[in-house]
Structure formats: C-alpha cells, structure tokens
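**Student:** here's a sequence, model it:
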Amino acid sequence: MKTIKLAAGVFLILISVLKLEAQSGWVQTQLNSDIGYSLFVNDSIVYASTYTGVFATTSNGLPWFSKGPANHVVYDLIQTRHVLLAATVDGIFRSTNKGESWTLLTGSPKCSGVGGTQGHQVFAKNDSYVFMHSWANGLYRSGDEGLTWQQLTVGSRPGLSGDLGGWATCIFALGGKIFLCAPADRIGVYFSSNNGDTWNPGKSTDFSGADNLLFLSADHDTIYAGGFMGLYRSTDSGNNWNTQYTNTINPNGQMTGLGIFRDLVVSDRILIAAVDFKSLQRSKDGGKTWTGFNTGLISDWSFADLAIRPPYIWALTRGFGNAYRRSLTEIITEVKPEIEGQAIKLSLEQNSPNPATNSTTIAYSIKKEDVVTLCIFDELGNKISTILDKKQVPGYYRVEVSLQKMKSGTYFYRLKTGNLVCTRKMELIR
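**Tutor:** This is a model prediction of the structure:
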C-alpha cells in the first residue's frame, strides 16, 4: 500500500512538472514566503533570500526547499569558492554545505536591512575579495570567505555626515572594478580599481539629487544603474554616465513616467526591468522605450529582483514573496505588445491623496458583473481590513477609505474580481 501511495505521489508531481513546463508566459512557482529580497543563481541552483530565510530550487521551482538559517530574515546571499554567505541583522551566516546548515560568524558585519530606498545588492565579489555594505554601518571586505572582515573608507561629501560607504544603496563587481551607489542628495556611482583601497566618482550631469539608485547591472562592457528617477548607462567602465530613461515629478509631487526601477537583466541585448506596479518591462533599444512583458501575471506586482539561469529568467516579488519564471526564448520572440487581462476588464487607480493621513479615496473600474473585494494589507502580506466585498455591475467606482485606526507606514490595497487581481501601494503618514 505504501508503495502504491508513493508511486501515485511521484506520478502527480511528474504531471505537475509537465504542466508547468508546457505553459508559456510567466509561471508562478511554489515559493510563497512573505517578503522577497534577492535572487542568487549558480550552475545548478536558484536561491531566494526572503523574510523567512533562504529557499532553493534545483529544477523549475517545483518545489522550493527551505534552507534556513532558522528564524532569520536574509537580505542577500552570495557564493564564494567554497561557501555560501547570508546577510542578516545579526551578522553574516556561513554555510559550507550549500545551505543545509549555517554558522553565525562572530564579529561579522550586521546588515541593517533592505528598505524602499535601498537596493537588494548587499554583497559583491571579485577574484580576491567578498564585499558587503550595510546601511548606516559601513562598507567591508573579506579575503578569507567571510571569516574576517575589514572596514573600508570611501570618502565624504559636504552635507552628508559619515563615510559614503555607510550610506551606499547597492554594490556591484565587474571587470576588476567594484562599483558603489551613493544615496539620495549625493547621488552617484563610485568605483574602485584596487579592491576598495581608493575610490573615484563616475561623471554625470544627469544624476538627479532626488534619486536613489537601487541596482547595478551589466551587459558585457555596458553598465546600467537604475532607481527612483530612471535608468542610466555607462559604456566606459563607469567613468561617465548618461540617462536612458527619465521619470519626472509633476507640480503635485506625483511621479510621471514608467516608475521606480528595481532591477534589470539583459539577454541578447534585450533589457528586462522590474518596475514598481508595472511588473516586468522589456526594451529593445537600450532602455529608451519600454513595453509590458507580463503575460501570465494576474496582478501588477512589484518585483524585488531578477536573475537568469538558462533556460529561464526568474523574478521574485517584493510584497508577497512569490517566485515566477519564464522561458528565455520568449524574451527575443517577436510578439505584439502584451496586454494583461486586467487592463481590459479591471483597472485600479492610485489612491488619492498619497501619502494619505486620516482617509484616502480609491477609484477603480470593472467591465463585468461579479463579486468585487477590496482589501488592505501590510508590508508582510497580513490583511489589515476588508473595505469592500459585494457584487457590482460594470462601471467606475470611487470608495472613501478611513485610515484612522492604522499606523504610519507602507501598505498595499488589492482589488479582486473573478480571477483578476490588481494591487497598488500606498503610504500612510501621521
């Protein structure tokens, strides 16, 4: 009997895998771990750093396995020659067996976390060192795979207290250089050609003082930096930077343009970017124009990180920790601009005012009679309240929402009707 049950279980898993393989567009895998932070890939494994630790998959995301470290939020992960290193608020954990067990390194730098104004790139490495930055704590390097760490000095600039390395938003390594992004009000990309001993600023008249750069990525010798105000590019190893795409702030303080760039990967010279509440976008002209690349997604997710491990491109959501994958061949397939189902049958507008104080208005439209639910969630995905749950006829609706019982912070409001879902973010301040 046990043999029959085991065979049936294996058969069901095999059928699930075959169904997953047969799907086109973005396919949601089995990871659902609250907040997602970063992805790391090697030749055989895809790792996800999340609010509930490290997860790994060796196939197509069916299944993901929890790897620990137990009861720790992991913000980023990197693999050296022999070990895995995981960044947490308690310090760096080290694993010599692909994440099966972990040891907290005494005296190692503590990662202060990854927030909305900081990117997911906490670690970087070259042939000689592993580098790590921690918001408000500093920039460090290790030459012995994480056992010991040395703090580095990047330098200071007028109006920003402390060393710039302590206020970095992301870090990256390419071609013998280490790159570091400075924070808002002192925006820029700094680089070092001698393992962090000395640093030089990249030159640009385009970096906005209101910006925060959240990632660095590369396509051969071309480097991209993106963040709040758009996307920038350097074709000379980070010495000079030019704008590829620009968001703007209108007189009402609202952003106009595509949105906040969270991450970017490149395949066959085609750019795929994670953009807040526009999900995944594709560009074939170096980032100047973009079209949706969202077939298979049922909501306008915000993604934390992207990674490529053939035959797939992988995407990790921010708010609810889901992992999606899509065939790389679909990146270069010539198709008409993708239109998501909810763009036709369901639309959800940005709440107004945003940031909100005591109340806000949420507007939406539906094209089919059905039960409509509108709920508010916190950053961990916990439901705070249900604003609406009833059948409605097609039309345009505006709902006044009281926020009196909620604390200041970041929230998500989600509209659902049938199998269509839209999600947006709102800020609440007191």
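**Student:** how near is residue 374 to residue 352?
**Tutor:** In this structure, residue 374 lies at 15 Å from residue 352, with CB to CB, to the nearest Å as the measure. Every C-beta, even on glycine, is put in place using the N, C-alpha and C of the backbone.
**Student:** who's more crowded, the two?
**Tutor:** Neighbour count, other CB atoms under 10 Å: between residue 374 and residue 352, residue 374 has more, with 22 against 14.
**Student:** and the closest residue in space to residue 268 that isn't next to it in sequence, how many neighbours?
**Tutor:** Once flanking residues are discounted, residue 268 sits nearest to residue 332: 5.1 Å by CB to CB, 6 or more residues apart in numbering. Neighbourhood size, residue 332 [other CB under 10 Å]: 12.
**Student:** could you do residue 394 as well?
**Tutor:** Using other CB under 10 Å, residue 394 is surrounded by 11 other residues.
**Student:** how close does it get to residue 121?
**Tutor:** Counting by CB to CB, the separation of residue 394 from residue 121 is 45 Å.
**Student:** what do you get for residue 252?
**Tutor:** According to CB to CB, residue 252 stands 32 Å off from residue 121.
**Student:** repeat for residue 402
**Tutor:** 39 Å.
**Student:** higher neighbour count, the two?
**Tutor:** For the pair residue 402 and residue 121, the greater number of neighbours falls to residue 121 (27 against 11), based on other CB under 10 Å.
**Student:** which residues are in contact with the residue nearest to the more buried one when sequence neighbours are not counted?
**Tutor:** The spatial neighbour of residue 121 that comes closest, neighbours along the chain excluded (CB to CB, 6+ apart), is residue 170 at 4.0 Å. Residues near residue 170 by CB atoms under 8 Å, 6 or more residues apart in numbering: 118-121, 133, 180-181, 213-216.
**Student:** and the pLDDT at the residue nearest in space to the middle of the chain?
**Tutor:** Residue closest to the average C-alpha location in the chain (CA atoms, centre = their mean): residue 304, at 1.1 Å. At residue 304, the model reports a pLDDT of 93.
**Student:** give the partner strands of the helix or strand hosting it in its sheet and their orientations.
**Tutor:** Counting by DSSP states H and E, the element that carries residue 304 is strand 303-309. Sheet pairing of strand 303-309 (DSSP bridges) gives strand 312-317 (antiparallel).
**Student:** give me the contacts around the next helix-or-strand element following the partner strand.
**Tutor:** For strand 312-317, the succeeding helix or strand toward the C-terminus, using DSSP H and E, is strand 322-327. Strand 322-327 has contacts (CB under 8 Å, 6+ apart) with 24-29, 31-32, 36, 48, 60-61, 64, 296-297, 301, 311-317.
**Student:** repeat that for 7 Å
**Tutor:** Strand 322-327 is contacted from outside by 25-29, 31-32, 48, 60-61, 311-316, using CB atoms under 7 Å, 6 or more residues apart in numbering.
**Student:** now do stretch 95-111
**Tutor:** Stretch 95-111 has contacts (CB under 7 Å, 6+ apart) with 54, 56, 67-69, 75, 82-84, 86-94, 122, 132, 134, 137, 140, 146-147, 149.
**Student:** wait, is residue 166 part of a strand?
**Tutor:** No - applying DSSP: H, G, I helix; E, B strand; the rest coil, one finds residue 166 to be helix, outside a strand.
**Student:** report how many residues lie close to the closest residue to it other than its chain neighbours.
**Tutor:** Using CB to CB, 6+ apart and skipping the chain neighbours, the partner closest in space to residue 166 is residue 138 (4.6 Å). Look at residue 138: counted by other CB under 10 Å, it has 21 neighbours.
**Student:** partner residues bridging residue 138?
**Tutor:** Residue 138 forms beta bridges with residue 134, as assigned by DSSP bridges.
**Student:** my read: it touches residue 164, true?
**Tutor:** No - using CB atoms under 7 Å, residue 138 is not in contact with residue 164, being 10.0 Å away.
**Student:** where exactly do the helices run in the stretch 301-430 of the chain?
**Tutor:** 329-332, 341-345 (DSSP state H, counting those that start in this stretch).
**Student:** helix, strand, or coil at residue 258?
**Tutor:** Following three-state DSSP, we place residue 258 in the coil state.
**Student:** hang on, it packs against residue 278?
**Tutor:** Yes - Residue 258 sits in contact with residue 278 when judged by CB under 7 Å, with a separation of 6.1 Å.
**Student:** next one: residue 99, what pLDDT does it get?
**Tutor:** 93.
**Student:** equivalent analysis for residue 145, please.
**Tutor:** On the pLDDT scale, residue 145 is placed at 96.
**Student:** before we move on, what about the one 4 residues further on?
**Tutor:** As predicted, residue 149 sits at a pLDDT of 97.
**Student:** would you confirm that it contacts residue 142?
**Tutor:** Yes - judged on CB under 7 Å, residue 149 makes contact with residue 142 at a distance of 4.9 Å.
**Student:** how close does the closest residue in space to residue 429 that isn't next to it in sequence sit to residue 304?
**Tutor:** Spatial nearest neighbour of residue 429, chain neighbours left out: residue 355 (4.7 Å); criterion: CB to CB, 6+ apart. As judged by CB to CB, residue 355 and residue 304 stand 22 Å apart.
**Student:** tally of neighbours for residue 251?
**Tutor:** Count around residue 251 with other CB under 10 Å applied: 5.
**Student:** now do the one 10 residues further on
**Tutor:** Residues lying near residue 261 (other CB under 10 Å) number 27.
**Student:** that one against residue 227, yeah?
**Tutor:** Yes - applying CB under 7 Å, one finds residue 261 in contact with residue 227, separated by 6.0 Å.
**Student:** now do the shared contacts for those two.
**Tutor:** In terms of CB under 7 Å, 6+ apart, residue 261 and residue 227 are both contacted by the residues residue 214.
**Student:** any low-confidence regions in the chain?
**Tutor:** In the predicted model, the chain carries pLDDT under 70 at residues 1-23, 157-161, 183-187, 205-206, 208-211, 333-345.
**Student:** domain-wise, how is it divided?
**Tutor:** 24-338, 342-428 (automatic domain parsing).
**Student:** just name the most buried of those.
**Tutor:** Most buried of these by mean neighbour count (mean count of other CB atoms under 10 Å) is domain 24-338; its value is a mean of 19.
**Student:** please state the offset of that one from the chain centre?
**Tutor:** Distance, stretch centre to chain centre, for domain 24-338: 7 Å (CA atoms, centre = their mean, to the nearest Å).
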